[in-house]
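Enquirer: Requesting a structural model of the entry that follows:
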Amino acid sequence: MSDNHSEKNERPLGDDIADMVQNAINSVDYNQLGSMIGSTVDKALAEARTGIKKSHYEVKKNLKAAGIAMGAPVAGQPAAAKPPMRAPVAKTPRGTYSGPVMIMGTVFSLASAAAVAGGALIFGAGMLTQAVAVGLLALGAFLGTRGAGLMKRVSRFKTYKSVLRGRAYCDTAELSDSIGKSKKYVTKDLRKMIDEDMFPEGRLSDDNSVLMLSDEAYEAYEQMQEGARMKEEEARLRAEAEAEQRRKEAENPVYKEVRLVIEEGEDTLAQIQAVNRAISDPAMTAKLTRLETVIRKIFEFIEENPGQIMEMRRFMGYYLPTTLKLVNAYRDLDAQPVQGANIRASKAEIEGTLDTISGAFEKLLDSFYQSTAMDVSTDISVMKNLFAQDGLVDDGLKQEGTKDE
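Expert: Below is the predicted model of the structure:
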């Protein structure tokens, strides 16, 4: 009998807690769960505090902040659909009418030049007649070249417009392919069209790779570019942090332990969040948010004080799996179409148990800071003594230091 009792006392506390929760779930009887979990809290905190005190002075001189870069993903909702951006283009681009008119002027000028030249052959050509004929030929050539250029530009504009299909921005490479010209040619062509208000709000990106047709499109492009720059910077910082973390882990395994514990905790928190989204009761959601907040505060503390990691791992092993089981059970009860007295009582008992667990984590966090406060107090006392020995404090401070000692 005493042997069995001894084995029970030596059984890990985490196993006892897991059995309590599982038995309550199996029997759908949560009436005593809160009080039973509560009875384990003081024992678990006592174990954690003992470990904190043992490790505090051993790691004080050798360990600094772990500096682990932990990014908690934020579950976001899909953005609301936005109306399409404006894509203003000229309805009647420059050259639509002037180009054909110039071609007609070319025909007229060439016909006139031919008439003058024919008359000169018949009646004899004087200097003035020759000059008129040459002038008409030159005018015809100019009008023909200019008119043809305008008509070709209008044709390319229409091709660009058909490629754009109402979009507010487009890669210039796509436009280049549409007319079979080089990127340099298309860039020059687009700049000319922008100058002539064919694209009234048009702009090209700094590297000439994107045509934007409106101010909104340009602002969106700038934001996208800034986002890309920020993403690159974040990737660079993350790579540096990971390299630094690998170096620290190679020098001292405790840093690896910190990372693994936080990753494990974040995974459990993510599971709790996923279940929480299926729970309709805002009061329960608030309780879980409170728990998540204090656990993340503990993570932050452990990153800066990795010497407490073993106590943190043990305590999390007691209560985080318990929380996940209880949240799953609560979700199942909450999903029942008929909320009878027994279901309501079970849900209330689970809510109370979660309050107990949150309180336990808050006490653990407070224990961590209590050790830090003791450390600060010790440092101040030592500093006062050193100042007093060197005669760098007045009598009042000496006396105060003496009383403190």
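Enquirer: Every contact and neighbour count from this point should use C-alpha atoms.
Expert: Fine.
Enquirer: in the stretch 1-150 of the chain, which segments are predicted with low confidence?
Expert: Across the stretch 1-150 of the chain, the ranges flagged by pLDDT under 70 are 1-16, 18, 28, 30-34, 38-39, 41-83, 113, 116-130, 133.
Enquirer: ok, residue 242 - how many residues close by?
Expert: Applying other Cα atoms under 10 Å, we find 15 residues neighbouring residue 242.
Enquirer: Tell me where the stretch 201-350 of the chain has helices.
Expert: Using DSSP state H, counting those that start in this stretch, the helices of the stretch 201-350 of the chain run over 215-251, 253-276, 282-304, 309-334, 341-389.
Enquirer: Nearest to residue 171, out of these?
Expert: helix 215-251 (11.9 Å; Cα to Cα).
Enquirer: Tell me what angle the closest one forms with helix 253-276.
Expert: Between the axes of helix 215-251 and helix 253-276, defined by axes from the mean of the first three to the mean of the last three Cα atoms, to 10 degrees, the angle is 130 degrees.
Enquirer: Could you name the helices and strands sitting against helix 215-251?
Expert: Applying 3 or more Cα pairs under 8 Å, 6 or more residues apart in numbering; DSSP states H and E, we find helix 215-251 packed against helix 253-276.
Enquirer: Give the buried residues for the helix it packs on.
Expert: For helix 253-276, a neighbour-count test (16 or more other Cα atoms under 10 Å) marks 254-259, 261-262, 265-266, 268-270, 272-273, 275-276 as buried.
Enquirer: coming back round to it: format the helices of the stretch 201-350 of the chain as CSV; extra columns: distance to residue 131 and mean pLDDT.
Expert: Listed next are the helices of the stretch 201-350 of the chain as CSV, based on distance: least, Cα to Cα, whole Å; pLDDT from 0 to 100:
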stretch, distance to residue 131, mean pLDDT
helix 215-251, 52, 83
helix 253-276, 90, 86
helix 282-304, 92, 87
helix 309-334, 99, 83
helix 341-389, 102, 74
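Enquirer: now, of the ones you listed, which is deepest in the fold?
Expert: Ranked by mean neighbour count, the helices of the stretch 201-350 of the chain are led by helix 309-334 with a mean of 20 (mean count of other Cα atoms under 10 Å).
Enquirer: For that helix, name the packing helices and strands.
Expert: Judged by 3+ Cα pairs under 8 Å, 6+ apart, the packing partners of helix 309-334 are helix 13-27, helix 33-59, helix 253-276, helix 341-389.
Enquirer: Can you check what angle separates that helix from helix 282-304?
Expert: Taking the same axes, to 10 degrees, one finds helix 309-334 and helix 282-304 inclined to each other by 170 degrees.
Enquirer: circling back to that earlier point, could the helices of the stretch 201-350 of the chain go into TSV alongside distance to residue 132?
Expert: TSV is the format used below for these (distance: least, Cα to Cα, whole Å):
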stretch	distance to residue 132
helix 215-251	51
helix 253-276	89
helix 282-304	92
helix 309-334	98
helix 341-389	101
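Enquirer: and residue 168, how far is that from residue 358?
Expert: Distance, residue 168 to residue 358, using Cα to Cα, to the nearest Å: 52 Å.
Enquirer: and if you look at residue 251?
Expert: Counting by Cα to Cα, the gap from residue 251 to residue 358 is 35 Å.
Enquirer: Same check on residue 169?
Expert: Relative to residue 358, and taking Cα to Cα, residue 169 is found at 52 Å.
Enquirer: looking at it, residue 258 is touching residue 307, isn't it?
Expert: No: the criterion here is Cα atoms under 8 Å, and residue 258 misses it with residue 307 at 9.1 Å.
Enquirer: what sits in contact with each of the two?
Expert: Counting by Cα atoms under 8 Å, 6 or more residues apart in numbering, residue 258 and residue 307 have no shared contacts at all.
Enquirer: and the closest residue to residue 205 other than its chain neighbours, bridged to which residues?
Expert: Counting by Cα to Cα, 6 or more residues apart in numbering, residue 211 is the residue found nearest to residue 205 once chain neighbours are left out, at 6.7 Å. Beta-bridge pairing of residue 211 under DSSP bridges involves residue 170, residue 204.
Enquirer: Residue 192 looks like it's in a helix, true?
Expert: Yes: checked against DSSP: H, G, I helix; E, B strand; the rest coil, residue 192 lies within a helix.
Enquirer: Tally up the residues packed near it, please.
Expert: By other Cα under 10 Å, 14 other residues sit near residue 192.
Enquirer: does residue 29 count as helix, strand or coil?
Expert: Judged by three-state DSSP, the three-state class of residue 29 is coil.
Enquirer: quick one: contacts for it?
Expert: Counting by Cα under 8 Å, 6+ apart, residue 29 makes contact with residue 346.
Enquirer: separation between it and residue 318?
Expert: Applying Cα to Cα to residue 29 and residue 318 gives a distance of 21 Å.
Enquirer: Please apply the same query to residue 325.
Expert: Using Cα to Cα, residue 325 is found at 12 Å from residue 318.
Enquirer: Equivalent analysis for residue 144, please.
Expert: For residue 144, the distance to residue 318 - Cα to Cα - is 89 Å.
Enquirer: got the contact list for residue 297?
Expert: The contact partners of residue 297, by Cα under 8 Å, 6+ apart, come to residue 365.
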